[in-house]
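using only what follows, build the 3D model:
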Amino acid sequence: MGVRLDIWLDVACLYRTRSEAQKACRLGQVSVNGVTAKPHRELKGGERLELQRPFGRRQTVVVQALADAHLPKAEARALYDDQTPDPSPQEVELRRLERIYRAAAQTTARPTRDERRARRRMSGKD
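Just a heads-up that it's a prediction; the model follows:
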């Protein structure tokens, strides 16, 4: 007996929600034993999953155990063996630059009271 792929991905904490796991399967980002899998596919122990992550990264895991109900995170990590190779120094640097770029792009925070007052003084409206 197996467990639905989307449920197992959610329980194993590889995706935040079951709907996220379903969406990844529908978009072809999850493959089981080298074959693109649908969310309703029955998953069995020992199968090899390959997950496509953002920015072209791939995560490879082997199913160690099955569960269809939520578990504590520490127990959920025991459901699979992560065989993803360690990133190369170039990949580590690229990820660091991506984080810096994303942080800089999200500078749409509301100005503080002092900044608003300074802007008003500079525009001559005060």
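
CA only for contacts and neighbour counts going forward, please
OK.

sec struct for Leu51, please.
strand (DSSP: H, G, I helix; E, B strand; the rest coil).

so where's the protein shaky on pLDDT?
Along the chain, the parts satisfying pLDDT under 70 run over 107-108, 126.

kindly state the domain boundaries assigned to it.
The chain breaks down by automatic domain parsing into domains covering 1-84, 86-126.

go through those domains and pick out the most buried.
domain 1-84 (a mean of 17; mean count of other Cα atoms under 10 Å).

in the chain, which spans are strands?
3-4, 30-32, 35-36, 42-43, 48-52, 58-63, 80-82 (DSSP state E).

quick one: closest of these to Arg18.
Comparison of the strands of the chain against Arg18 by Cα to Cα identifies strand 3-4 as nearest, at 10.5 Å.

got a list of contacts for the lengthiest helix in the chain?
Ranked by residue count, the top helix of the chain under DSSP state H comes out as helix 89-105. By Cα atoms under 8 Å, 6 or more residues apart in numbering, no surrounding residue is in contact with helix 89-105.

include distance to Arg18 when you put the strands of the chain into CSV, please.
Formatted as CSV, the entries for those read as follows, by distance: least, Cα to Cα, whole Å:
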stretch, distance to Arg18
strand 3-4, 11
strand 30-32, 13
strand 35-36, 18
strand 42-43, 15
strand 48-52, 15
strand 58-63, 17
strand 80-82, 17
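
wait, which of the ones you listed is closest to Ser88?
Once these are compared by Cα to Cα, strand 58-63 is nearest, at 13.2 Å.
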